[in-house]
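Undergrad: compute the structure for the input listed below.
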Amino acid sequence: MPSRASVAGNSVIAAVEEACALYGVRCYRQQSRAVTVVGAGGRPRPMFVGQWKDRFGTRHTSGMPDLLLSPNIGFEDREGFPVLICAVLWVECKAGTGKLNSEQQAFKEDAEEAGAYYIECHDSAEQVMRWFDAQHVRKR
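TA: Numbering: from 1, shown residues only. Purely as a prediction, here's the structure:
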């Protein structure tokens with residue numbers, strides 16, 4: 001049976017997914033997980049989903065955010081012509097007073113250093129919708 005925290009966190013994920021649908025933004029579920037599978041000779045072995053490597057090539061088996069969004073953001077170039085680009089926006093969904101653990105913080109820092117955007121959503125999709133509006137992501 002899922003914990004209250006995971007149920008609450010999943011409701012935040014669902015709210016962000018609904019906001020993405022409202023704005024026409026593609027949304028990909030990305031969570032890290034470790035599961036046990038049957039390996040060679042019938043022995044159990046861990047399998048990691050959502051692995052990532054930082055800029056030093058260090059492999060991390062946890063810390064990946066819940067969602068990867070690819071919004072089209074608009075702005076004007078120096079001559080005043082409209083430009084539309086696809087951004088990389090990572091979203092970690094938290095319920096209540098949840099905070100990033102050390103692996104999640106490492107991912108956030110690595111992603112932002114690479115030029116990606118990173119948002120923590122607490123209890124709602126409000127932070128994502130404010131970001132969409134600030135970046136001129138148009139609602140459908």
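Undergrad: pLDDT score assigned to Met47?
TA: Listed pLDDT for Met47 reads 82.
Undergrad: just Val88 next, same as before
TA: On the pLDDT scale, Val88 is placed at 96.
Undergrad: measure the nearest residue to it once chain neighbours are set aside to Asp110 for me?
TA: Of all residues beyond its chain neighbours, the one nearest Val88 is Ala116 (4.1 Å), with distances taken as CB to CB, 6 or more residues apart in numbering. Every residue, glycine included, has its C-beta placed from N, CA and C. When distances are taken as CB to CB, to the nearest Å, Ala116 and Asp110 turn out to be 9 Å apart.
Undergrad: next one: Arg130
TA: Relative to Asp110, and taking CB to CB, Arg130 is found at 24 Å.
Undergrad: looking at those two, which is more packed in?
TA: More neighbours sit around Asp110 than around the other of Arg130 and Asp110, counting by other CB atoms under 10 Å; the figures are 19 against 11.
Undergrad: what strand or helix carries the more buried one?
TA: Per DSSP states H and E: Asp110 is located in helix 102-113.
Undergrad: residues in contact with that helix?
TA: Contact partners of helix 102-113, identified using CB atoms under 8 Å, 6 or more residues apart in numbering, comprise 52, 54-55, 60, 62-65, 88, 90, 92, 100, 117-118.
Undergrad: give me the next element, helix or strand, following it.
TA: Using DSSP H and E, the helix or strand that follows helix 102-113 in sequence is strand 117-122.
Undergrad: let me know how buried Gln31 is, in neighbour terms.
TA: Gln31 has 15 nearby residues by other CB under 10 Å.
Undergrad: ugh, typo on my part, it should be Val35
TA: Under the criterion other CB under 10 Å, the count of neighbours that Val35 has is 8.
Undergrad: check contacts around the nearest residue to it once chain neighbours are set aside.
TA: Here the nearest residue to Val35 in space, its sequence neighbours aside, is Met47; by CB to CB, 6+ apart that works out to 5.4 Å. For Met47, the contacting residues are Ala34, Val35, Thr36, Val37, by CB under 8 Å, 6+ apart.
Undergrad: want to try a markdown table for those residues, with distance to Asn72 as columns?
TA: As requested, those are arranged in a markdown table below (distance: CB to CB, whole Å):
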| residue | distance to Asn72 |
| --- | --- |
| Ala34 | 34 |
| Val35 | 34 |
| Thr36 | 40 |
| Val37 | 38 |
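Undergrad: sounds good, over and out.
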